[in-house]
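S.K.: need a structure here:
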Amino acid sequence: MLNGEIRSKVDQVWNAFWAGGIANPLEVIEQITYLLFMRGLDDIQTREENKANMLGRPMERVIFPDGVYRTVRDEETGEVKEEITYAQLRWSRFRNDDPARMFFIVSDNVFPFLRDMGEKGTAHAEHMKGARFTIPTPGLLAKVVDMLAEIPMEDRDTKGDLYEYMLGKIASAGQNGQFRTPRHIIKLMVELTAPTEKDVICDPASGTCGFLVAAGEYLRDNHPKLFQDKVSREHFQMGMFHGYDFDQTMLRIGSMNMQLHGVEGAEIRYRDSLASSHGDDADKYSLILANPPFAGSLDEETASADLRAIVKTKKTELLFMALFLKLLKPGGRAAVIVPDGVLFGSSTAHKAIRKKLVEDHKLDAIVKLPSGVFKPYAGVSTAIVFFTKTNSGGTDHVWFYDVQADGMSLDDKRQMLVTEEKFGPMPKVPLSAEEHAKNNLPDVVARWKEREGRERENPRTGQSFTVSREEIASADYDLSLNRYRQVVHEAAEHRAPKEIIAELLALEDEIAAGLRALEGML
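M.R.: As a prediction, this is how the structure comes out:
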């Protein structure tokens with residue numbers, strides 16, 4: 001966790017951006033991302049130099065070569081005014097310049113250098129091709145550089161927490177229905193799918209790469225020995241994590257998020273997941289984690305033909321389900337967030353995709369989320385669908401859980417209802433029954449482990465229960481939790497009619513007597 005001092009500095013810089021005229025939070029994060037990238041390049045060069053000096057041999061990788069990067073000439077006379085060397089582009093060099101000089105070096109030299117790296121396909125630079133410098137003043141640039149310079153970037157946790165804190169400041173939905181998935185919901189999905197060191201993980205709508213980051217952190221916490229084996233370590237760095245997005249800003253932010261969390265070789269690339277052919281990625285991944293943007297319907301000519309071959313529809317929520325099935329290898333598993341309509345929609349396509357999950361693959365669970373989970377971005381009702389691709393069926397019983405509280409208020413403010421150590425799916429301190437009513441997520445994890453055991457005996461009146469494949473099939477493959485929940489009505493005790501009538505007659509006699517007494521007085 002970031003300490004209060006670092007949070008305060010980030011907030012100050014954020015406010016400075018707003019005061020400087022940059023009001024779009026994505027643009028703020030993008031500019032900070034470029035600066036973090038510059039610092040990272042300098043750190044890599046420094047490590048290479050130290051390694052070369054220690055071993056007494058040439059550097060294996062040179063980012064900033066010796067010599068002149070650019071010659072600055074007088075516009076009128078053409079005379080050489082200055083020669084900008086590659087060394088001057090390094091973070092450790094320009095961060096000590098005065099604000100005006102720093103502004104010139106970064107805007108006129110470092111950013112063109114980053115774009116050149118991107119065009120050449122240099123490692124770490126693929127998403128810098130469109131880098132634009134939009135920090136308006138030397139003073140603001142100097143303030144941001146000073147803040148970043150004081151943060152210990154050799155500490156992976158601090159780097160990651162810094163970036164996550166900034167991402168948390170994105171307070172409005174983007175285009176195409178994009179919005180951030182709360183970190184504790186992501187952690188729940190990762191905890192239940194339990195990534196292994198051999199997994200190949202994909203998020204086909206990766207955005208800021210929150211799911212991939214969480215999967216990486218889970219592996220660090222639960223499989224630390226994987227870093228002791230060269231093959232496993234290289235797989236973690238270069239082959240495990242894959243993300244697609246069609247927003248270049250998100251690609252830059254997501255790629256940097258992975259790097260700051262210690263994964264340098266994640267494949268984060270441009271792709272319109274629903275419009276592209278997927279022949280190169282079919283049957284490739286063993287785990288999919290996703291909360292894709294559901295934006296209605298695509299035009300017939302836009303939707304990918306190989307997805308429409310799985311389910312004949314133009315609705316994005318159903319096409320994404322087809323995409324997940326296309327990308328998973330047999331035996332691969334998925335945890336994906338869907339709008340409630342996917343679970344009970346009555347169209348032919350809705351029924352077809354649900355039947356395919358139940359009959360052709362193994363549908364594991366439906367975890368219903370409260371409708372306020374995604375506020376203030378959206379108030380949609382959603383659920384997490386867990387399934388395994390088998391191509392040969394396997395659904396026996398489907399486990400249902402009704403999450404009624406996620407540890408935060410379900411209004412637009414989304415305030416924490418429990419303390420930090422009791423928050424999330426894996427709290428540091430056990431919860432009391434009263435606290436469970438405020439945070440159901442640890443209970444989801446505990447009951448998930450028993451879904452093929454004691455959970456089979458749960459009554460349908462509880463918060464979780466299982467339903468057989470046969471019953472789901474007989475209900476036209478309806479997967480909404482309320483379709484199977486049994487509601488117990490409390491028996492109301494009614495008084496005997498004769499007793500009520502006698503009481504009414506007594507009241508009438510009392511009223512009549514009162515009226516007669518009133519007449520006598522008049």
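S.K.: residue 111 contacts residue 130, correct?
M.R.: No. Taking contact to mean C-beta atoms under 8 Å, the distance of 10.7 Å between residue 111 and residue 130 leaves them out of contact. Just so you know, the C-beta spots here come from the backbone N, C-alpha and C atoms, and that holds for glycine as well.
S.K.: compare those two and say which one has the larger neighbour count.
M.R.: residue 111 (18 against 12; other C-beta atoms under 10 Å).
S.K.: ok, and the closest non-adjacent residue to that one?
M.R.: Take residue 111 and drop its neighbours on the chain: the residue closest to it by C-beta to C-beta, 6 or more residues apart in numbering is residue 133, 4.6 Å away.
S.K.: ok, the one you found touching residue 106?
M.R.: Yes. The pair residue 133 and residue 106 passes the contact test of C-beta under 8 Å, sitting 6.6 Å apart.
S.K.: neighbour count: those two, which is higher?
M.R.: Neighbour tally, residue 133 and residue 106, criterion other C-beta under 10 Å: the higher count belongs to residue 106, 25 against 16.
S.K.: correct me if wrong, but that one is in a helix.
M.R.: Yes. Residue 106 forms part of a helix when assessed by DSSP: H, G, I helix; E, B strand; the rest coil.
S.K.: ok, it - contacts?
M.R.: Taking C-beta atoms under 8 Å, 6 or more residues apart in numbering as the contact definition, residue 106 lies against 38, 94, 133, 141.
S.K.: which two among those residues are spaced furthest apart?
M.R.: For the contacts of residue 106, with distances taken as C-beta to C-beta, the pair at the greatest spread is 94 and 133 (13.0 Å).
S.K.: buried set for stretch 413-423?
M.R.: 414, 417-418, 422-423 (16 or more other C-beta atoms under 10 Å).
S.K.: swap in stretch 384-403?
M.R.: Residues of stretch 384-403 classed as buried under the neighbour-count rule (16+ other C-beta under 10 Å) are 384-389, 394-395, 397-403.
S.K.: let's see it as CSV, backbone CA atoms only.
M.R.: Coordinates of the C-alpha atoms in stretch 384-403 are reproduced here as CSV (Å, rounded to 0.1, in the frame of the first residue of the first chain):
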residue,chain,number,x,y,z
ILE,A,384,-19.6,-13.8,-13.2
VAL,A,385,-19.8,-17.0,-15.4
PHE,A,386,-17.2,-19.7,-14.7
PHE,A,387,-16.8,-22.5,-17.3
THR,A,388,-14.3,-25.0,-18.7
LYS,A,389,-14.0,-25.7,-22.4
THR,A,390,-14.2,-29.5,-23.0
ASN,A,391,-15.9,-29.9,-26.4
SER,A,392,-17.5,-33.0,-24.9
GLY,A,393,-19.9,-31.8,-22.1
GLY,A,394,-19.2,-32.5,-18.5
THR,A,395,-21.7,-30.2,-16.7
ASP,A,396,-23.1,-32.1,-13.8
HIS,A,397,-24.3,-29.5,-11.2
VAL,A,398,-23.9,-25.7,-11.6
TRP,A,399,-23.1,-23.8,-8.4
PHE,A,400,-24.9,-20.5,-7.8
TYR,A,401,-24.0,-17.8,-5.3
ASP,A,402,-25.9,-14.6,-4.7
VAL,A,403,-23.4,-11.9,-3.6
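S.K.: distance between that stretch and the chain's centre?
M.R.: How far stretch 384-403 lies from its chain's middle: 22 Å, per C-alpha atoms, centre = their mean, to the nearest Å.
S.K.: average pLDDT for it?
M.R.: Stretch 384-403 shows a mean pLDDT of 97 in the predicted model.
S.K.: which helix or strand in this protein has the lowest average pLDDT?
M.R.: The helix or strand of the chain with the lowest confidence, counting by mean pLDDT, DSSP states H and E, is helix 156-167 at a mean of 77.
S.K.: who are the packing partners of that helix?
M.R.: helix 4-19, helix 25-55, helix 210-222, helix 248-260 (3 or more C-beta pairs under 8 Å, 6 or more residues apart in numbering; DSSP states H and E).
S.K.: buried sites along it?
M.R.: For helix 156-167, the buried set under the neighbour-count rule, 16+ other C-beta under 10 Å, comprises 158-167.
S.K.: over to stretch 84-92?
M.R.: Neighbour counts using 16+ other C-beta under 10 Å place 84-91 of stretch 84-92 among the buried residues.
S.K.: what of stretch 263-272?
M.R.: Along stretch 263-272, these residues count as buried under the neighbour rule (16+ other C-beta under 10 Å): 263, 265-268, 271.
S.K.: now stretch 351-366
M.R.: Of the residues in stretch 351-366, those with enough neighbours to count as buried (16+ other C-beta under 10 Å) are 352-354, 356-358, 360-366.
S.K.: repeat for stretch 366-379
M.R.: For stretch 366-379, the neighbour count (16+ other C-beta under 10 Å) marks 366-370, 372-375, 377-378 as buried.
S.K.: what's the answer for stretch 12-29, then?
M.R.: By 16+ other C-beta under 10 Å, the buried positions in stretch 12-29 come out as 13-14, 16-17, 20, 22, 25-26, 28-29.
S.K.: endpoints of that stretch, how far apart?
M.R.: Across stretch 12-29, the straight-line distance between its terminal residues is 14 Å, by C-alpha to C-alpha, to the nearest Å.
S.K.: now that stretch, how far from the centre of its chain.
M.R.: Once both centres are worked out by C-alpha atoms, centre = their mean, stretch 12-29 turns out to sit 23 Å from its chain's centre.
S.K.: for stretch 68-87, same thing?
M.R.: Worked out by C-alpha atoms, centre = their mean, stretch 68-87 lies 45 Å from the chain centre.
S.K.: now it: average pLDDT?
M.R.: What stretch 68-87 shows for mean pLDDT is 90.
S.K.: where's residue 262, which helix or strand?
M.R.: Secondary structure here is read from DSSP states H and E; on that basis residue 262 sits in neither a helix nor a strand.
S.K.: separation between residue 320 and residue 59?
M.R.: In this structure, residue 320 and residue 59 are 45 Å apart, going by C-beta to C-beta, to the nearest Å.
S.K.: neighbour count for those two, which is higher?
M.R.: Residue environment comparison for residue 320 versus residue 59 gives the larger neighbour count to residue 320, 24 against 16, counting by other C-beta under 10 Å.
S.K.: what number of residues lie near the closest residue to that one other than its chain neighbours?
M.R.: Ranked by C-beta to C-beta, 6+ apart and with sequence neighbours excluded, the top spatial neighbour of residue 320 is residue 292, at 4.7 Å. Around residue 292 there are 26 other residues, counting by other C-beta under 10 Å.
S.K.: quick revisit: can you lay out the contacts of residue 106 as JSON lines showing secondary structure and pLDDT?
M.R.: Below are these laid out as JSON lines (DSSP: H, G, I helix; E, B strand; the rest coil; pLDDT from 0 to 100):
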{"residue": "38", "secondary structure": "helix", "pLDDT": "91"}
{"residue": "94", "secondary structure": "helix", "pLDDT": "96"}
{"residue": "133", "secondary structure": "coil", "pLDDT": "93"}
{"residue": "141", "secondary structure": "helix", "pLDDT": "94"}
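S.K.: out of these, who's nearest residue 199?
M.R.: Using C-beta to C-beta, the shortest approach to residue 199 within the contacts of residue 106 belongs to residue 38, at 32.4 Å.
S.K.: now the closest one: closest residue in space, sequence neighbours ignored.
M.R.: Closest to residue 38 by C-beta to C-beta, 6+ apart is residue 91, at 5.0 Å.
S.K.: which residues touch that neighbour?
M.R.: Applying C-beta under 8 Å, 6+ apart to residue 91 gives the contacts 38-39, 41-43.
S.K.: of those residues, which count as buried by neighbour count?
M.R.: Buried members of those, scored by 16+ other C-beta under 10 Å, are 38-39, 41-42.
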